[in-house]
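Asker: just to be clear, the model below is a prediction. Sequence and coordinates:
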Amino acid sequence: MNANQIRQLYPITKDRAYLFSGGLAPVSVRHEKAIKKHMDWLTQDPDDLYVNGLDNDASDCRRMFAQLTGCNEDEVAIVESTSAGCNIAFDLIEPVAGGNVVFDDFSYPSSVFPWHLSPHEDLTKRFVHAREDGIIHLEDFEQSIDEKTVAVCISHVTPIEGFKQNIKEVTRIAHAKGAIVIVDGAQSAGAMKIDLHDTDVDFFSTTAMKWLLGAAGVAFLYVAKRHHGKNPTRAGYASTQGFDIHDFRLKDNAQRFELGMPNLLGLAFTKPGLEILLEIDMKMVEEHNLDLSGYAIAGMKERGIQVTTHDDPKYRLGVISARHQEAEGLWKYLHDNKVDTYYFGDIFRVDPHIFNDRHDIDMLLKGIDDFGK
């Protein structure tokens, strides 16, 4: 498929400019059919669903996520959120006396807060700062990471600034010092071409509900094969190789980090989104998102909007962030005029995806013009 064909699958595009893919994916006609099928199954024969359908969507979603992100199916665990996946990874890291963990100024709270809890509360928290050019430079990571660094926790694309990190190079720097790299991929997976094996990251956690065109309550945790021997801090039937309570044997793949029944309704909703993305080249998705975000940035700057996301495509993707003293009012005006965006405090954000086109951006820019009158 191409971008226009995907656009035709989404009813919302006929009436609204939906520019909030970094928050919540809208519903396509395929999603509607999948949910109806699942609900009909639960209505008419839940026993058959339990016996014959329980693991189908989970297995399919694991496989498709692996295809989309350049990893193996056995390296993917299904969890409930990006934060849950990151916390699983954090729990596997042994604290070191005098050790430290490295973040950056753009880190998401759930990548930082867990490190203040036992057993990691005594680790020194180091932050790599952005320079005046708005870029977090690799040389500054090199200055902050040393032999006492146990982990580096970063977002692939940051949700507030829309800054895209070079996770491959950060990983190279971290691994040279013996540190593990944990990536929050909530704003990149589904929006760009990703090859996790090529990046060599240790853990990559992301939600389905944003750019992967799936549901809230479903997320994926990539665990590099070299970490499959690590023991989780929790276990359930899904973690183990059998139901015999006298024979405890963890699975030998990433599923050892799963606990129990996944979100079945969420998986049924997530599967069509992954299928849609697999029907289009992810490099094309990335180029499409960069084109729309660049077009929006240029138009917003022409109107005097203080865009904080970097101009250079090397440092951005789909999230466009700006500062606006009337961010809430602008959001409401746009929403009332069929343009969906996001605001938080004085942050105004626009997130175009594969089902959007330049007409949607033009609607956004016209709304900004009209709001200013």
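Answerer: Happy to help now that I have it.
Asker: now the helices for the chain?
Answerer: For the chain, helices defined by DSSP state H occupy the ranges 3-8, 29-44, 46-48, 56-69, 82-91, 109-112, 138-144, 167-176, 196-199, 264-278, 282-302, 327-336, 358-371.
Asker: identify whichever of those helices lies nearest to F243.
Answerer: With C-beta to C-beta, the closest approach to F243 among those belongs to helix 56-69: 17.5 Å. Quick note: C-beta positions are derived from backbone N, CA and C, even for glycine.
Asker: quick one on the thing from earlier: okay if I get the helices of the chain as TSV plus mean pLDDT, mean neighbour count and distance to D184?
Answerer: Below are the helices of the chain laid out as TSV (pLDDT from 0 to 100; neighbours: other C-beta atoms under 10 Å; distance: least, C-beta to C-beta, whole Å):
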stretch	mean pLDDT	mean neighbour count	distance to D184
helix 3-8	97	16	26
helix 29-44	96	14	25
helix 46-48	91	9	36
helix 56-69	96	20	14
helix 82-91	97	23	6
helix 109-112	92	16	5
helix 138-144	97	15	16
helix 167-176	98	19	10
helix 196-199	98	18	14
helix 264-278	97	23	18
helix 282-302	98	19	18
helix 327-336	98	16	24
helix 358-371	97	18	27
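Asker: now these as CSV including distance to G22?
Answerer: Below are the helices of the chain laid out as CSV (distance: least, C-beta to C-beta, whole Å):
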stretch, distance to G22
helix 3-8, 17
helix 29-44, 18
helix 46-48, 35
helix 56-69, 17
helix 82-91, 12
helix 109-112, 16
helix 138-144, 24
helix 167-176, 18
helix 196-199, 20
helix 264-278, 15
helix 282-302, 11
helix 327-336, 14
helix 358-371, 14
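Asker: nearest to T206, out of these?
Answerer: Comparing these by C-beta to C-beta, helix 82-91 comes nearest, at 5.6 Å.
Asker: what's in contact with that closest one?
Answerer: 77, 79, 110-111, 114-115, 120, 151, 153, 180, 182, 184-186, 202-203, 205-207, 219-221, 223, 232-233, 257 (C-beta atoms under 8 Å, 6 or more residues apart in numbering).
Asker: restricting to C-alpha, output it in CSV.
Answerer: What follows is helix 82-91, C-alpha atoms only, in CSV (Å, rounded to 0.1, in the frame of the first residue of the first chain):
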residue,chain,number,x,y,z
THR,A,82,6.3,1.3,27.7
SER,A,83,6.9,2.1,31.4
ALA,A,84,6.3,-1.5,32.4
GLY,A,85,8.8,-2.7,29.9
CYS,A,86,11.4,-0.3,30.9
ASN,A,87,10.9,-1.2,34.6
ILE,A,88,11.4,-4.9,33.8
ALA,A,89,14.8,-4.0,32.3
PHE,A,90,15.7,-1.7,35.2
ASP,A,91,15.0,-4.6,37.6
